[in-house]
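Colleague: Take this sequence and fold it.
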Amino acid sequence: MDSKPDIIDWAAPCLGISTALFFLGTGLAPVWAFTWLAAIPVLWLAPQVCAKQAFFVAAAAYALGGLNEWSYSRAVLPTVVVAFILLVSACVFGVPVLLFRAAMRKGKRWQAALIFPAFWVSFEFAVAMLSVHGTFGNISYSQMDFLPILQIASVTGIWGISFSLLLFAATVAVLLNPGPASKKIPIAVGAGLFLVCVLGFGAWRLAATPKNSPTIKAALIASDAPEDLNPGSPAETQQIFERYADHVKSLAGRRIQLFVLPETIGAVTDADHAEFDAFFSKLAKETGAYIEVGVARIMASGAANQERLYSPQGDLLATYDKHHLLPPGENRFTPGTQRAVVSGVSGKWGLEICKDLDFPRLSRQYSDDGIALLIVPASDFVDDGWLHGRMAILRGVESGFSIARSARLGILTATDDRARVLAQSGTIGRSFPTLVTDVPLRHDSTIYSRFGNWFAWLCVLLLVALVVSIFRARAPGALATQSE
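Modeller: Got it, this is the predicted structure:
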């Protein structure tokens, strides 16, 4: 009897289950465990139906699951652009499902288990290299609450996280499909050993965290009160600076060593920059602390989204211009090209701003500089506060440093180089929420910081080899022997 009608009956349930798992396991507030399972139903179905049906179910599940970011994306991009991106991404997701199907139907189960994660990592790597948004949207960020898997990023970057969770899904799909146990057991053992090593390394790295690292007492401050957002005049801007200064002074008795303020809290022009520097230099002297301030620096030669750091002695230690600007709102700024490294308390510190942390390369360069702490002013979009803050955390794991990130319209976050959230506080609708915590200062020279995207390139090579292996024509002798 032909079993195809029975299999076709499973198409709708597989579509529904994968859609729900993608919807809950990805996006702005993912449940990490669901991401590991999301692709299994569509992969299980794919070898048992025709190519068109397999592609449609896979693409539809990915697209419908991606609607979890529909409202957020439409707030920052035109609807037609959001729809186009979602459709293209869904169609791209259908391709590795078809490759998985082709391998399975040819009896090449090992290749099927590997080609699905190899393709997706290669695709995400290409997007990260070409997109103005860097790694935003990478599936690995769904795992930010699962600390053991995150540690592999210190070796492979985010690419090892994506590969691991998609290898799991593909392997389970291979095992659930019909076939002799003798062919499945080696695959289960091989993939299982790989994942045990990844998670075992993660557990070891977490347990091996140095216990006696020096620390700095940092205060992260932001205000989402209407009067502290989008000043319309120089007088309103000055009032914002004064309100921040008053709040900093109110914390002076707590022996805070570093104050971190958000991105672009006001504009500073050539006419008033000397007065601005004198204002915050005096504040740093009075509090005996380092003070970081994010401003829009407006100059005759152009404008920059700038971070300025003042020492306890009142000196302007460093300025840093944001490298990666968010279009179209930041098109008025000129992107920076230089890093800023200072010698602070117990080691070197680096400066970055918000979207810069969507790009791993800049953080790797800071790792080469030997920094122990990255100071990050930021400004999020309310709904993406958790996701964008967690994306920044992963840069610390990859490149071996702690991060103090002060975000308006988001979350104040202090983290160590193992992605542990030391403390956090939401800012939405609040006037000067403040996070005070001790941040460890240590530099960990990681494999990823030294060798970069080696694992992503390995996945590209693996993908090419697997495609050749799956679709290589049989030799005439082999065909004749099989026919006989």
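
Colleague: Tell me where this protein has strands.
Modeller: 215-221, 258-260, 267-269, 290-299, 302-310, 316-321, 341-344, 347-351, 371-379, 402-408, 411-415, 421-426, 434-440 (DSSP state E).

Colleague: What's the mean pLDDT across stretch 415-433?
Modeller: In this model, stretch 415-433 carries a mean pLDDT of 96.

Colleague: Not counting sequence-adjacent ones, nearest residue to the residue nearest the centre of the chain?
Modeller: The residue lying closest to the centre of the chain (Cα atoms, centre = their mean) is Met391, at 3.2 Å. Nearest non-adjacent residue to Met391, counting by Cβ to Cβ, 6 or more residues apart in numbering: Tyr141, 5.5 Å away. Quick note: C-beta positions are derived from backbone N, CA and C, even for glycine.

Colleague: Over to Gln53?
Modeller: Here the residue nearest Gln53, using Cβ to Cβ, 6+ apart, is Ala11, at 6.4 Å.

Colleague: Surely that neighbour is in contact with Ala54?
Modeller: No - judged on Cβ atoms under 8 Å, Ala11 makes no contact with Ala54 at a distance of 9.2 Å.

Colleague: re the thing from before, okay, the residue nearest to Met391 and Gly232: tell me how far apart.
Modeller: 36 Å (Cβ to Cβ, to the nearest Å).

Colleague: Looking at those two, which one has more neighbours?
Modeller: Tyr141 (24 against 7; other Cβ atoms under 10 Å).

Colleague: quick revisit: looking at Ala11 and Ala54, which one has more neighbours?
Modeller: Neighbour count, other Cβ under 10 Å: between Ala11 and Ala54, Ala54 has more, with 23 against 19.

Colleague: For that one, list the residues it contacts.
Modeller: When contacts are counted by Cβ atoms under 8 Å, 6 or more residues apart in numbering, Ala54 touches Val42, Leu45, Ala46, Pro47, Gly94, Val97, Leu98, Arg101.

Colleague: Can you give me the pLDDT of it?
Modeller: Reading off the model, Ala54 has pLDDT 97.

Colleague: Leaving out the residues flanking it, which one is nearest to it?
Modeller: Ala46 (3.9 Å).

Colleague: what's the burial count for that neighbour?
Modeller: For Ala46, the count of nearby residues is 30 (other Cβ under 10 Å).

Colleague: do you know how far Ile371 is from Ser346?
Modeller: 11 Å.

Colleague: picking that back up, mind listing the shared neighbours of Ala11 and Ala54?
Modeller: Leu45.

Colleague: Read off the pLDDT value for Asn230.
Modeller: For Asn230, the predicted pLDDT is 89.

Colleague: Next one: it from Val155, what distance?
Modeller: 43 Å.

Colleague: More neighbours: which of the two?
Modeller: Val155 (17 against 10).

Colleague: distance of the residue lying closest to that one once chain neighbours are set aside from Ser122?
Modeller: Excluding the flanking residues, the one nearest Val155 by Cβ to Cβ, 6+ apart is Ile447, at 4.6 Å. Computed as Cβ to Cβ, the Ile447 to Ser122 distance reads 20 Å.

Colleague: Among these two, which residue is more densely surrounded?
Modeller: More crowded of Ile447 and Ser122, by other Cβ under 10 Å: Ser122, with 21 against 15.

Colleague: Next, the contact list for the more buried one, please.
Modeller: Ala456, Cys459, Val460, Leu463.

Colleague: follow-up on the earlier one: ok, so of the contacts of Ala54, who is nearest Arg420?
Modeller: Val42 (34.5 Å; Cβ to Cβ).

Colleague: thinking again about what came up before, how about the strands of the chain, which one is nearest Ala173?
Modeller: strand 421-426 (33.6 Å).

Colleague: Can you pull the domain assignment for this structure?
Modeller: 4-208+453-483, 215-449 (automatic domain parsing).

Colleague: that older thread, as a markdown table, the strands of the chain with mean neighbour count would be great.
Modeller: Shown next, in a markdown table, are the strands of the chain (neighbours: other Cβ atoms under 10 Å):
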| stretch | mean neighbour count |
| --- | --- |
| strand 215-221 | 23 |
| strand 258-260 | 26 |
| strand 267-269 | 18 |
| strand 290-299 | 23 |
| strand 302-310 | 23 |
| strand 316-321 | 19 |
| strand 341-344 | 16 |
| strand 347-351 | 24 |
| strand 371-379 | 27 |
| strand 402-408 | 27 |
| strand 411-415 | 26 |
| strand 421-426 | 17 |
| strand 434-440 | 21 |
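
Colleague: which non-adjacent residue is nearest Gly400?
Modeller: Distances taken as Cβ to Cβ, 6+ apart put Asp444 closest to Gly400, at 3.2 Å, once the chain neighbours are dropped.

Colleague: neighbours around the one you found, how many?
Modeller: Number of residues near Asp444 (other Cβ under 10 Å) recorded here: 20.

Colleague: Now do the contacts for the closest residue to Leu373 other than its chain neighbours.
Modeller: Once flanking residues are discounted, Leu373 sits nearest to Trp349: 4.7 Å by Cβ to Cβ, 6+ apart. Trp349 is in contact with Val341, Val342, Ser343, Ile371, Ala372, Leu373, Leu374, Ile375, counting by Cβ under 8 Å, 6+ apart.

Colleague: same check, this time on Arg332
Modeller: Per Cβ under 8 Å, 6+ apart, neighbours of Arg332: Ala303.

Colleague: how far away is it from Ala296?
Modeller: Arg332 is 9 Å from Ala296, by Cβ to Cβ.

Colleague: and for those two, which residues touch both?
Modeller: Ala303.

Colleague: about what we covered before: which one (most neighbours) among the contacts of Ser122?
Modeller: Counting by other Cβ under 10 Å, top hit in the contacts of Ser122: Cys459 with 26 neighbours.

Colleague: give the contact list for it.
Modeller: Pro117, Ala118, Val121, Ser122, Phe125, Trp159, Phe163.

Colleague: Name the nearest residue to it, sequence neighbours excluded.
Modeller: Nearest residue to Cys459 in three dimensions, chain neighbours excluded: Val121, at 4.2 Å (Cβ to Cβ, 6+ apart).

Colleague: pLDDT score for that neighbour?
Modeller: pLDDT at Val121 comes out at 98.

Colleague: I'd say it and Gly157 touch.
Modeller: No - Val121 lies out of contact with Gly157 (Cβ under 8 Å); the separation is 10.0 Å.

Colleague: hey, what's in contact with both of these two?
Modeller: In contact with both Val121 and Gly157: Phe455, Ala456, using Cβ under 8 Å, 6+ apart.

Colleague: Relative to Arg395, how far out is Thr26?
Modeller: For Thr26, the distance to Arg395 (Cβ to Cβ) stands at 20 Å.

Colleague: Ala153 too?
Modeller: For Ala153, the distance to Arg395 equals 9 Å [Cβ to Cβ].

Colleague: So if I had to pick from these two, which one is more boxed in?
Modeller: It is Arg395, of Ala153 and Arg395, that has more neighbours when counted by other Cβ under 10 Å, with 30 against 26.
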